[in-house]
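*Asks:* Only the shape, not the letters, is given here:
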């Protein structure tokens, strides 16, 4: 049974940092890609980042490029999203997700996702 459990969200001031974690069970991160999408109230879902099963390929939305870094620890079967220089427009519920394929496919995640973790950027 596939499970993705996010943690690490919270309230942070503009310019601050947060690191989200995603603990995965039911499949191994060395064989499948993993990523993040977010959804703010009244807005459409936005793919944020993805890392391939091999860990050598990453993809980012233009809105977060240079500020967010995706990584994973295959020994812990856990993915991470390091978010720096946060802006109020980054406020959203962040979901860990997978398209259940080895390579990332255009920041689309249609197969499995977690329950989400709230990130609020405000002063």
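*Replies:* Noted; the coordinates are in hand. Since this is a predicted model, take the numbers as computed values, not measurements.
*Asks:* In the helix or strand encompassing residue 79, which residues are buried?
*Replies:* Following DSSP states H and E, one finds residue 79 within strand 78-83. By neighbour count on 16 or more other Cβ atoms under 10 Å, the buried set for strand 78-83 is 78-81, 83. For every residue, glycine as well, the C-beta is placed using N, CA and C.
*Asks:* Residue 94 contacts residue 45, correct?
*Replies:* No: using Cβ atoms under 8 Å as the test, residue 94 is too far from residue 45 to be in contact (10.9 Å).
*Asks:* where do the contact lists of these two overlap?
*Replies:* 37-38 (Cβ atoms under 8 Å, 6 or more residues apart in numbering).
*Asks:* got a list of contacts for the helix or strand where residue 21 lies?
*Replies:* Per DSSP H and E: residue 21 is located in strand 18-25. Strand 18-25 is contacted from outside by 1-10, 12, 34, 36, 76-83, 86, 94, 96, 98, 114, 117, 119, using Cβ under 8 Å, 6+ apart.
*Asks:* and that strand, which strands flank it?
*Replies:* Its sheet considered, strand 18-25 pairs with strand 3-7 (antiparallel), strand 78-83 (antiparallel) by DSSP bridges.
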